[in-house]
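Chemist: Structural data only, the sequence is not supplied:
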């Protein structure tokens, strides 16, 4: 829940803009928690944002449900082509990573570098430079602790 707080602010702003008649670009949210019943405290709110079009796509990873652990970086890689296109077509995409710095942020960064490498057809070094450039230009932000 805590990691989601900054993104909720973005969604609230998008909802207000939509009510004012603004056309919105796509917004994807990759949200991860351990257990749907205990940790998915904003489920209704997020699903309402998706139903209204404020949120284009909602992907949720529950790491303690099922036989295999699923984390946000797994879902991010599944949507790699879409993420790549959002970041490169018109150069208007932004990535916000909020939450655990120790594991999640590190693994999400690795997944992002794989996406850049794979879909951009660039070397690992160039992928790292692109991610750094996005960060320097405010397009890849990390609010992690």
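Modeler: Yep, that arrived. Predicted model only: the values in this text are computed from it and were never measured.

Chemist: residues in contact with the helix or strand of the chain with the lowest mean pLDDT?
Modeler: The helix or strand of the chain with the lowest confidence, counting by mean pLDDT, DSSP states H and E, is helix 36-39 at a mean of 87. Residues outside helix 36-39 that contact it (CB atoms under 8 Å, 6 or more residues apart in numbering): 1, 33, 43, 60, 62, 65. (Each C-beta comes from the backbone N, C-alpha and C, glycine too.)

Chemist: cutoff 10 Å now
Modeler: Here helix 36-39 makes contact (CB atoms under 10 Å, 6 or more residues apart in numbering) with 1, 31-33, 43, 60, 62-65.

Chemist: swap in stretch 81-93?
Modeler: 25-28, 30, 56-57, 76-77, 79, 94-95, 111-112, 115-116, 118-120, 130-131, 134, 137, 139-140.

Chemist: I'd like to know which of the residues you listed are part of helices.
Modeler: 76-77, 111-112, 115-116, 118-120, 130-131, 134 (DSSP state H).

Chemist: and those residues, which two are the farthest apart?
Modeler: 77 and 134 (17.4 Å; CB to CB).

Chemist: Mind checking which of those two has more residues around it?
Modeler: residue 134 (19 against 16; other CB atoms under 10 Å).

Chemist: Strands of the protein, residue ranges please.
Modeler: Counting by DSSP state E, the chain has strands at residues 28-33, 57-62, 95-99, 140-144.

Chemist: quick one: which of the ones you listed is nearest residue 105?
Modeler: Residue 105 sits nearest to strand 140-144 of all those, at 4.3 Å, using CB to CB.
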